[in-house]
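Asks: give the three-dimensional model of this entry:
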Amino acid sequence: MEPIRISSPADAISYMSHSLGYWPNESLVCVALEGKTLGPTLRVNLPHTTVPAENFVDVVAHSVGIDRDATAVLIALFTHQPWGKGQSKPFAAMVQGLKQRLMAAGLLVHDVWIVGPESFATYDGANPTSCGEETPLAAVESCLLNAELVYQGSTVGHSDSPAIPELFTAVDNEAVESALRDMATHPAQSLAAAYRLWTEFVDHDADPTHEQLAEVLAGLQHVGLRDQILANMPGINEPMGATLLGATDEAPQWDRIDSSEKLLRQLLTIAAPTHVAAPLTMLGHICWWKGKGTAAANYMHVALTFDPDYHLAKLLDQMLGAGVVSGWAQHKNTAYRNHHQ
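Replies: Residues are numbered from 1 along each chain as shown. Below is the predicted model:
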């Protein structure tokens with residue numbers, strides 16, 4: 001890939017959306033700069049009015065500061081809140097506090113922009129109480145960097161919440177229940193067989209039969225096997241707790257995780273409502289590993305709709321609500337995007 005050069009505000013805003021893979025909504029986006037090199041991109045939901053500005057600033061400054069090589073930051077607020085001529089600037093206390101915290105940490109804040117549904121502007125205009133002159137958002141679509149990235153195959157989605165895979169298209173409740181009965185009769189043997197099937201499909205891109213999908217789905221109804229598969233999914237020899245939290249120095253095998261995601265989506269096609277929580281939660285866990293918090297929360301919501309008491313989904317939902325980010329997503333050497341750009 002050719003080096004990416006940002007030479008205008010439109011370029012910077014375009015890069016943010018391509019780096020994330022979708023157009024942010026009510027979001028604060030920070031791009032770290034490591035000298036003249038682009039570093040990680042951070043996106044967080046803009047705070048509600050009930051959230052103290054200093055608390056939000058602490059979280060963002062800490063997350064940006066994780067990149068020890070960063071020397072500067074580009075910031076943009078994507079919001080539908082009014083900010084044009086005659087309007088006061090939204091999030092003023094938060095932006096001012098964040099700039100102060102980042103500069104105190106030795107990070108130069110190059111630019112801050114505000115991006116609305118139809119235009120963007122420099123956050124600090126000639127009058128400190130208002131934003132700068134508006135530029136139509138069409139400038140982002142027509143900028144040279146956007147054209148280069150599109151030519152290289154990059155796309156920008158409407159949001160980071162992928163459509164939940166189609167459910168119940170080939171439900172075979174009896175096959176899954178039959179496999180569950182076999183597992184109850186011969187648990188060790190049957191669960192080991194289900195794990196071998198999973199590994200075969202993921203590592204060798206094998207095409208499972210309907211009956212094999214039913215056997216694997218039945219296995220995922222057992223918490224122990226589900227957690228074993230999740231812990232081994234990244235393909236690294238690390239303690240289960242560290243792997244599940246994405247808290248290892250070694251990068252996961254992202255291709256293997258992608259293959260697992262593909263298999264989980266196949267399982268959803270045959271899963272009855274009583275069996276769907278496990279694959280939905282595991283898909284959400286993968287999204288969380290990848291740093292796609294909104295998508296992960298979407299999966300947790302659907303999983304808990306079908307099984308309000310599904311413990312892992314409840315736990316992950318609480319972590320997402322608290323703003324916990326996967327360790328892998330916080331470091332450039334382990335983050336998902338670095339393996340697919």
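
Asks: C-alpha only now, for contacts and for neighbours.
Replies: OK.

Asks: where does the stretch 201-341 of the chain dip in pLDDT?
Replies: 337-341 (pLDDT under 70).

Asks: that one: helices as residue ranges?
Replies: For the stretch 201-341 of the chain, the helices defined by DSSP state H, counting those that start in this stretch cover 210-220, 223-232, 240-244, 254-270, 277-289, 293-306, 311-321.

Asks: determine which stretch of the ones you listed is the most buried.
Replies: Mean neighbour count, computed with mean count of other Cα atoms under 10 Å, is highest for helix 277-289 among the helices of the stretch 201-341 of the chain, reaching a mean of 26.

Asks: other SSEs contacting that one?
Replies: Applying 3 or more Cα pairs under 8 Å, 6 or more residues apart in numbering; DSSP states H and E, one finds that helix 277-289 contacts helix 210-220, helix 254-270, helix 293-306, helix 311-321.

Asks: could you dump those helices to a markdown table with distance to P24?
Replies: Shown next, in a markdown table, are the helices and strands packed on helix 277-289 (distance: least, Cα to Cα, whole Å):
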| stretch | distance to P24 |
| --- | --- |
| helix 210-220 | 34 |
| helix 254-270 | 23 |
| helix 293-306 | 11 |
| helix 311-321 | 18 |
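
Asks: so which of these comes closest to G65?
Replies: Checking the helices and strands packed on helix 277-289 against G65 by Cα to Cα gives helix 293-306 as the closest, at 19.4 Å.

Asks: correct me, but L312 touches T281?
Replies: Yes. Using Cα atoms under 8 Å, L312 makes contact with T281 at a distance of 7.2 Å.

Asks: so for D227, which of the helices and strands packed on helix 277-289 sits nearest?
Replies: Taking the helices and strands packed on helix 277-289 one by one with Cα to Cα, helix 210-220 is closest: 8.7 Å.

Asks: using CSV, write down the CA coordinates of the closest one.
Replies: Extracted in CSV, the C-alpha atoms of helix 210-220 (Å, rounded to 0.1, in the frame of the first residue of the first chain):
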residue,chain,number,x,y,z
HIS,A,210,-25.9,-29.8,8.3
GLU,A,211,-25.4,-32.7,10.9
GLN,A,212,-21.9,-31.5,11.8
LEU,A,213,-23.2,-27.9,12.4
ALA,A,214,-25.8,-29.3,14.7
GLU,A,215,-23.2,-31.2,16.6
VAL,A,216,-21.0,-28.2,17.0
LEU,A,217,-23.9,-26.0,18.0
ALA,A,218,-24.9,-28.5,20.6
GLY,A,219,-21.4,-28.4,22.0
LEU,A,220,-21.5,-24.7,22.4
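
Asks: okay, angle between that helix and helix 223-232 too, please.
Replies: 100 degrees (axes from the mean of the first three to the mean of the last three Cα atoms, to 10 degrees).

Asks: identify the residues contacting helix 210-220?
Replies: By Cα atoms under 8 Å, 6 or more residues apart in numbering, the residues outside helix 210-220 that reach it are 172, 175-177, 179-180, 183, 191, 194-195, 197-198, 225-226, 266-267, 270-271, 275, 278-279.

Asks: now do the nearest residue to H80 once chain neighbours are set aside, the pLDDT please.
Replies: Closest residue to H80 apart from its sequence neighbours, by Cα to Cα, 6 or more residues apart in numbering: G116 at 5.5 Å. Residue-level confidence at G116 comes out at 94, pLDDT.

Asks: distance-wise, check G116 relative to P234.
Replies: 38 Å (Cα to Cα, to the nearest Å).

Asks: and if you look at D58?
Replies: D58 is 31 Å from P234, by Cα to Cα.

Asks: the more surrounded of those two?
Replies: Between D58 and P234, counting by other Cα atoms under 10 Å, P234 is the more crowded of the two (23 against 13).
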